[in-house]
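> Could you look at this predicted model? Sequence included:
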Amino acid sequence: MFEEKRSTQVLYLPVDSIRPNPYQPRREMERAALEELAKSIRQYGLMQPVVVRQINDRDFELIAGERRLRACRMADMREIPAVVIRAGGTDSAVMALIENIQRENLGYIEEAEAFCTLLSEHGLTQEELAERLGKTQSTVANKIRILKLSPEIRRILKENSLSERHARALLRIPDEKTKLRALNVIVSKGLNVEKSEELISRMLNQDGAPKAPETVKNIRAFRDVRIFSNTISQAVDMMKRSGIAAESNRTENDEYIEYTIKIPKNLESAV
């Protein structure tokens, strides 16, 4: 139906036949950047094809290349090169997300919203989504936690280009009013992450609790974490010395230390 102008899988498709991806995670694009890309496309053409899947005899759905497609429309292109692949709805949504993550086009809030959409509308578990994205389950879970912040707070974070660590710091505050008060101070004073965390700690301690015992409590908790870590390592070492092919892997982020321990089910054959 469409003219194939190259010997590869690249087809030239009418721009009007390409529908946007309903699960496109990137919501906002700078107008000036799009106009600049459109100008380049008018002069040199589209150098990198978009990626689409066919949904009926005439129409295609975009998988990768939302920014390029918008710029082509602005440049009044009638046909553009496209790679047509076979993919279901879930695969299409996941690939659209992966493309934006790899290009670092997504903000952390958009990424969290995209994760949540894939989980709720495509029936994926956090483990399945993490595997498809090449991330750990804890990374997916931590990202989704950001959506516990209200839409108003997320809007302020985005408008002021505050980091993901700023957002995580606000999650420590239990009530919305105090969150907004802290966020207003962070924005007005231009506080970095470290100063923001100090501010939030002071606000949480305004209930009159003495600071010295709190410090002792934090030190004790840190020591306990090290004890737990050593205990896990010793247990795995003991199994290895007993001839059991146990494996352990430790990963760490801002909030968690995650251990993955693998023990053969058939211990007799492993000894």
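Perfect, thanks for sending it.
> show me where the chain has strands.
All strands of the chain, identified by DSSP state E, fall at 10-14, 18-19, 50-54, 60-64, 79-84, 247-252, 257-262.
> okay if I get those strands as TSV plus distance to Thr136 and mean neighbour count?
Using the backbone N, CA and C atoms, a C-beta is placed for each residue, glycine as well. Shown next, in TSV, are the strands of the chain (distance: least, CB to CB, whole Å; neighbours: other CB atoms under 10 Å):
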stretch	distance to Thr136	mean neighbour count
strand 10-14	35	17
strand 18-19	33	16
strand 50-54	27	21
strand 60-64	24	22
strand 79-84	30	20
strand 247-252	6	12
strand 257-262	7	13
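> Mean pLDDT added to those, as a markdown table?
Shown next, in a markdown table, are the strands of the chain (pLDDT from 0 to 100):
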| stretch | mean pLDDT |
| --- | --- |
| strand 10-14 | 85 |
| strand 18-19 | 90 |
| strand 50-54 | 85 |
| strand 60-64 | 86 |
| strand 79-84 | 88 |
| strand 247-252 | 74 |
| strand 257-262 | 75 |
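> For Gln43, which of those is the nearest?
Gln43 lies closest to strand 79-84 among the strands of the chain, at 15.0 Å (CB to CB).
> now that closest one and strand 60-64, what's the angle there?
Orientation of strand 79-84 against strand 60-64 (axes from the mean of the first three to the mean of the last three CA atoms, to 10 degrees) gives an angle of 80 degrees.
> Return the distance of strand 79-84 from the chain's centre.
Mean-position distance between strand 79-84 and its chain equals 28 Å (CA atoms, centre = their mean, to the nearest Å).
> Turn the strands of the chain into a markdown table, including distance to Gly134.
Below are those laid out as a markdown table (distance: least, CB to CB, whole Å):
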| stretch | distance to Gly134 |
| --- | --- |
| strand 10-14 | 26 |
| strand 18-19 | 27 |
| strand 50-54 | 18 |
| strand 60-64 | 16 |
| strand 79-84 | 21 |
| strand 247-252 | 14 |
| strand 257-262 | 15 |
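> among the ones you listed, which is nearest Glu35?
Closest approach to Glu35 among the strands of the chain is made by strand 79-84 (17.4 Å; CB to CB).
> can you list the domain ranges for the protein.
10-106, 149-204, 220-270 (automatic domain parsing).
> Make JSON lines from the ones you listed and add distance to Leu133 to it.
Below are the domains of the chain laid out as JSON lines (distance: least, CB to CB, whole Å):
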{"stretch": "domain 10-106", "distance to Leu133": "6"}
{"stretch": "domain 149-204", "distance to Leu133": "16"}
{"stretch": "domain 220-270", "distance to Leu133": "15"}
